[in-house]
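> Please work out how this folds:
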Amino acid sequence: MIQDISPSRLDNSYRPSEPGSTGCLLCFDSEGRLLADTRGSVLRFPTPKEVTAQKTVYAFSLDGTGLFIALSEHSCTSESFGYHSIRELRDSFGGKEIFAAFTAYHLWKWYADNRFCGRCGESLSLHDTERALRCPACGNVIYPRINPAVIVGVTKGDSILITRYARGYAHNALVAGFTEIGETLEQTVAREVMEETGVRVRNIRYYKSQPWGMAQDLLVGFFCDAEGDGEIRMDSNELKYARWVPRSEIVLQPNNLSLTNEMMQVFRDGCL
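I've put the predicted structure just below:
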């Protein structure tokens, strides 16, 4: 999965500092596209020698190298770099760099969406000691947003419920959805499967979790069993495809970055 970069390590400890000569600057445009060099086999981010920005914030370190996010207008002196959407980068790259890109996008999106205090309307400032934003007028403190969501492998004997979204990502997927207020993750599993496919489930069991910065998510994977005959009544507003697929016929996604793809693979290979 995208976070499986060992022996490399992404350290998300917050260390307020300025970019040094060995660091990298992660620069996004107003549409959320990341400035990167995509000419080689490894995604490359600009250094402070190649791009300038008036305001930056420490993001995290990758194998000891500090990565910073530009929070202001920036300019690049090298023609090697261009702006690319996170989805475009996901389709072309893997490894520690794409995990860094996803995580940086998660943070950039949070900073971009929280410029003013929701309590009093004043401009927010970076917190002195932790990953947070603080209102200098009323003292309100805002922490990064993380959306909990479930990925569900619904099984019926030797088959699994494969879906495709009505919009957006075009490859095979599993039932997925966001947890609502006052709801447990297990309740989310049962509700989302019922809403999207009309299938009732039992024996809900946790598999794994995954940070997914593209949507500011924490994805939580579950497997469960279909009740009864598992008749599908698909919600065509959410899905364009939903059917029971035998292990031998499962078609995986084109890369191995997602929790969804791993869950389809372990079922296909009989590793549960």
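> so what's the nearest residue to R200 once chain neighbours are set aside up against?
Of all residues not flanking R200 in the chain, E227 sits nearest, at 4.2 Å (Cβ to Cβ, 6 or more residues apart in numbering). Bear in mind the C-beta positions are built from the backbone N, C-alpha and C, glycine included. Contact analysis of E227 by Cβ atoms under 8 Å, 6 or more residues apart in numbering lists 199-202.
> I'd assumed G66 was in contact with S21.
No: taking contact to mean Cβ atoms under 8 Å, the distance of 10.6 Å between S21 and G66 leaves them out of contact.
> Identify the contacts common to those two.
When Cβ under 8 Å, 6+ apart defines a contact, no residue borders S21 and G66 alike.
> the more surrounded of these two?
For the pair S21 and G66, the greater number of neighbours falls to G66 (18 against 7), based on other Cβ atoms under 10 Å.
> right, and the more buried one touches G20 too?
Yes: counting by Cβ under 8 Å, G66 sits close enough to G20 to count as a contact (6.7 Å).
> Enumerate the beta-bridge partners assigned to the residue most central in space within the chain.
Geometric centre of the chain, nearest residue: W212, 1.8 Å, by Cα atoms, centre = their mean. The bridge-partner assignment for W212, based on DSSP bridges, gives D217.
> Next one: S92 from Q216, what distance?
In this structure, S92 lies at 22 Å from Q216, with Cβ to Cβ, to the nearest Å as the measure.
> S85 now?
15 Å.
> can you check G177 too?
Taking Cβ to Cβ as the measure, G177 and Q216 are separated by 15 Å.
> Please identify the buried residues of the longest helix along the chain?
Taking DSSP state H as the criterion, the chain has its longest helix at helix 95-113. In terms of neighbour count (16 or more other Cβ atoms under 10 Å), helix 95-113 has its buried residues at 96-111.
> What of stretch 171-184?
For stretch 171-184, the buried set under the neighbour-count rule, 16+ other Cβ under 10 Å, comprises 172-177, 179.
> just stretch 119-137 next, same as before
Using 16+ other Cβ under 10 Å, the residues of stretch 119-137 that count as buried are 124, 131-135.
> Kindly report the same for stretch 224-243.
224, 226, 230, 232, 234, 238-239, 242.
> Stretch 251-266 now?
For stretch 251-266, the neighbour count (16+ other Cβ under 10 Å) marks 253, 257-264, 266 as buried.
> again, but for stretch 265-272
Neighbour-count burial for stretch 265-272 flags 266-268 (criterion: 16+ other Cβ under 10 Å).
> tell me how far the ends of it are from each other?
From its first residue to its last, stretch 265-272 covers 10 Å (Cα to Cα, to the nearest Å).
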